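K.L.:
What follows is a predicted protein model with its sequence.
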Amino acid sequence: MKESIVKIRNMGKAFPTGEGDFWALQNINLDFERGEFSGIVGPSGSGKTTLLNIIGSLDKPSLGDVEVLGQKIQTLNQKKSSILRAKHIGFIFQTYNLLPVYNVYENVEFPLLLLKMDAAKRERMVKDAIEWVGLTDKIKSRPNQLSGGQCQRVAIARAMVKKPDLVLADEPTANLDSENSYKILDTMLKLSEDLGTTFIFSTHDQKVISYLKRIIKLTDGEVSSDDTQTGV
Amino acid sequence: MFSFIIKGIFRDRHRWLFPLSVIIVSVAILVFAFSFMDGFMMSFVRQTARFDTGHVKVVSRAYSEMLNQKPHDLALLDIKDLLEDWRAEYPQVTFVERINFGALIDVPDDEGKTLMQADAIVFAIDLDPAGDDYHRMQIDRALAQGRAPRHSEEILISDIAFENLNLKLDDEITLLSSTVFGSMTMQNFRISGVVKFGIQTLDKGALIMDLDAARPMLDMAGGAGEILGFFTDNRFDTTRATSLARNFNQRYTDVDDEFSPVMLSMAKQGNTGYMLQVMDYGTLWMSMSFVIILGIVLWNSGLMNGIRRYGEFGLRLAIGESKRQVYFRLLSEALIIGFIGSLIGVSIGALISKNFVMDMSVYQKSSSILTENLLSTTMSMKVVWVGFFTGLLSSVLGASLAGIAVFNRQTSQLFKELET
Ligand SMILES: Nc1ncnc2c1ncn2[C@@H]1O[C@H](COP(=O)(O)OP(=O)(O)O)[C@@H](O)[C@H]1O
Ligand SMILES: [Mg+2]
């Protein structure tokens, strides 16, 4: 029996709009197990980002329960939710992934600074993470000196450097060409397998979908199918 | 984390350039303005103390009620013993005797008939060049022609009166006044020198003679109209002067005797206290206004900058900073910028102040305020701190207001910025 690190029960999320509430998510019941490489798939506006943000405790559900690593997202205060993110969750976004004033090394180091890790250990972990994504020669470069693919690799290193339990990747390949998309997908899959990290993607990119072990289809804020692939 | 914040500020021109420039310029202006105001005030205080009020002044109770009229008929008489007591009791104060009185100058023609007359104020001081009042009144510096009186028949006259009355050195003039007992008195004096103090009130129509000349003329043996007290370190301080006066008056003032001595702090004489207070309030209000105005300017620039940085804040929240941390790091940035800006601003302000001298004689023509002709600024620790904290506070105020806007935004809203 595998350990379930995300449990979502009867969850719904409403946004207030001019004409009453708009339900971006409804009746969500999902479990994610440790080490899963899964994705939420659906067209734009189907609620993927909203779901990832709630799992990452950047937002709160309007209804139901969401438990991440034993913590109830709906009742977490600001401080506790930031600690949960700092220690256990890595994020990769479509754009604006890096702090532009900091170089590759500093961007990857930032999550460890928040964890108040000592300098020697920090340096080793940062260098390892940058090596995982193959950017050791770009360590002093600033984001504006890197290509889109390189930026996404730095983002992966930054998400992975603290060896989190869970990585939430919101359309990470949306701005990349196929070659770069495959490169970063290979990198993430390998890291997931090596470190046992749980990945949850949000995507409508076929290249990403082809890598996923489990595909959860979201249609108008509801789960319309949930298939575990075999033999990928 | 500190060096991380520092790098963040200085690699992003938008974060430091505007706030830093605004703070530097404002603090420099403020420091200069305060040091100028203080310089003006200190000059006024020094001159007023020197020529008129002392740091404290002892007069008879009756005299104190008509202080401005210099009623020499209400002078303290036979004060030699008292003076000795005071000197022993208050070694931190130098006491000097002075007599001020109004007189009529009468310039005779060759036949001894009145040629011209003019009103004058006579300052009778201890004119012994070895004594300290001679230096305090800056006689040597003020002498424009001739020399100081050597005996009691000689007198000094201000240059304006000297010219108006068409006098020459060594001319004889007659002074008419009244004795302490109210009878008319007159005496001839020879002009030994002409003085120009650069102080309008003194230069218009003043005469300076020795105490030993004034006493017999006024029938005031052993008396003095006013006894001025100067702190030996030569620094006036309202609190110190006030408590000295309180102590003195408890011992020596007799409410039933209008000829008993009473001590008045400089701040209690004429406009000085009022001016000192206005100056203090002025400094406070000016620095507070600066904090608010600067704070608003920096608030706005902080808001603009904050909007530009929403994406960054959102990302940092995702990485695991709490909103509180984001907010406080924003304040730290402001603190650092405020610190550096204030430091530079204070230095620049001090540098400008240091090299600033203003010739006030043009403005003094129409004024009776006792300031020196050349006005320089006074840099004090007070000015440095007020300037420094004004810069620092306004920077933090601006950032804390701007930061609230960021703080109040929904986390998920910050993320909307990431998607576009
Ligand atoms: N903060 C918000 N306020 C109002 N509506 C929102 C907000 N965030 C998302 N929505 C709406 O919720 C729906 C789902 O959005 P989202 O989760 O971003 O979809 P996806 O990531 O699948 O494109 C969309 O219709 C969107 O307009
Ligand atoms: Mg989305």
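P.N.:
Now that the structure is in, tell me what you want to look at. Ligands and ions are numbered 1, 2, ... in the order given.

K.L.:
With chain A as the reference, measure out to B:Asn355.
P.N.:
39 Å (Cβ to the nearest Cβ, to the nearest Å). The C-beta positions use only the backbone N, C-alpha and C, and glycine is treated the same way.

K.L.:
Can you name the residues of chain A that neighbour ligand 1?
P.N.:
Chain A comes close to ligand 1 at residues A:Phe15, A:Phe22, A:Ala24, A:Gly42, A:Ser44, A:Gly45, A:Ser46, A:Gly47, A:Lys48, A:Thr49, A:Thr50, as judged by Cβ under 6 Å from any ligand atom.

K.L.:
Can you select the buried ones from those residues in PyMOL?
P.N.:
The following PyMOL line selects those of the residues of chain A next to ligand 1 that are buried, judged by 16 or more other Cβ atoms under 10 Å in any protein chain shown:
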select buried, chain A and resi 24+42+46+47+48+49+50
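
K.L.:
Which ones among the residues of chain A next to ligand 1 lie within strands?
P.N.:
Members of the residues of chain A next to ligand 1 lying in strands (criterion: DSSP state E): A:Phe15, A:Phe22, A:Ala24.

K.L.:
related to what we said a few turns ago, take the residues of chain A next to ligand 1 and lay them out in TSV including pLDDT.
P.N.:
TSV is the format used below for the residues of chain A next to ligand 1 (pLDDT from 0 to 100):
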residue	pLDDT
A:Phe15	93
A:Phe22	93
A:Ala24	94
A:Gly42	94
A:Ser44	92
A:Gly45	92
A:Ser46	94
A:Gly47	95
A:Lys48	95
A:Thr49	94
A:Thr50	94
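
K.L.:
Closest to B:Gly311 out of the residues of chain A next to ligand 1?
P.N.:
Distance to B:Gly311 across the residues of chain A next to ligand 1 (Cβ to Cβ) is lowest for A:Thr49, with 14.9 Å.

K.L.:
Could you report the neighbour count for the residue lying closest to B:Ser394 once chain neighbours are set aside?
P.N.:
In space, and not counting its chain neighbours, B:Ser394 is closest to B:Leu294: 3.5 Å by Cβ to Cβ, 6 or more residues apart in numbering or on different chains. Neighbourhood size, B:Leu294 [other Cβ atoms under 10 Å in any protein chain shown]: 25.

K.L.:
Tell me which stretches of chain A form helices.
P.N.:
Counting by DSSP state H, chain A has helices at residues A:48-55, A:78-88, A:104-114, A:119-132, A:148-160, A:178-195, A:206-211.

K.L.:
Tabulate the ones you listed (a markdown table), appending distance to chain B.
P.N.:
Listed next are the helices of chain A as a markdown table, based on distance: least, Cβ to the nearest Cβ, whole Å:
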| stretch | distance to chain B |
| --- | --- |
| helix A:48-55 | 6 |
| helix A:78-88 | 3 |
| helix A:104-114 | 5 |
| helix A:119-132 | 11 |
| helix A:148-160 | 7 |
| helix A:178-195 | 17 |
| helix A:206-211 | 17 |
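
K.L.:
Now render those as CSV, adding distance to B:Phe10.
P.N.:
Formatted as CSV, the helices of chain A follow (distance: least, Cβ to Cβ, whole Å):
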stretch, distance to B:Phe10
helix A:48-55, 33
helix A:78-88, 26
helix A:104-114, 13
helix A:119-132, 21
helix A:148-160, 22
helix A:178-195, 32
helix A:206-211, 39
